[in-house]
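Undergrad: build me a structure from this.
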Amino acid sequence: MGERFLPAGSVVLLKDSAKKVLIMGYCQAMAEDRTQVFDYCGTPFPEGYMSIDKVYLFNHEQIQEIYFVGYMDEQQKAFMHKLTKFREDLVLEK
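TA: Model (predicted):
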């Protein structure tokens, strides 16, 4: 699978969407269905977090366009490596 996550703060457009999304977190599941874990959680851009019903869960494959890549340093790179490994392990467990 390789490193595939964008850093928090990245702004993307999802397929079949007209609204940009700001990535704010990773590996989330819906409260009512914990069996599916999504790569990202995000909020509408530029508004940001407004309420729980305006948080979007999506996978990397759903990204159509990347408008901005968030801040990346050595700490972020190490986190992304661990996150990628965690996500790969989740896929293997199924």
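Undergrad: Thr84 contacts Leu6, doesn't it?
TA: No - in this structure, Thr84 is not within contact of Leu6 by CB atoms under 8 Å, at 11.7 Å. Any C-beta I mention is one placed from the backbone N, CA and C, and that applies to glycine too.
Undergrad: of the two, which one has the most company?
TA: Higher neighbour count among Thr84 and Leu6: Leu6, with 20 against 15, using other CB atoms under 10 Å.
Undergrad: do you know how far the more buried one is from Asp53?
TA: Using CB to CB, to the nearest Å, Leu6 is found at 23 Å from Asp53.
Undergrad: now do the buried residues in the least confident helix or strand in the chain by mean pLDDT.
TA: Every helix and strand of the chain was ranked by mean pLDDT, DSSP states H and E. The lowest is helix 74-93, at a mean of 83. Applying a neighbour-count criterion of 16 or more other CB atoms under 10 Å, one finds Gln76, Met80, Leu83, Arg87 buried in helix 74-93.
Undergrad: so what's the nearest residue to Ile63 once chain neighbours are set aside up against?
TA: Spatial nearest neighbour of Ile63, chain neighbours left out: Val12 (4.8 Å); criterion: CB to CB, 6 or more residues apart in numbering. Counting by CB atoms under 8 Å, 6 or more residues apart in numbering, Val12 touches Leu6, Lys20, Val21, Ile23, Gly42, Ile63, Gln64, Glu65, Ile66, Tyr67.
Undergrad: identify the bridge partners of the residue most central in space within the chain.
TA: Centre of the chain computed as the mean C-alpha position; nearest residue by CA atoms, centre = their mean is Tyr40, 1.9 Å away. Under DSSP bridges, the beta-bridge partners of Tyr40 are Tyr26, Phe58.
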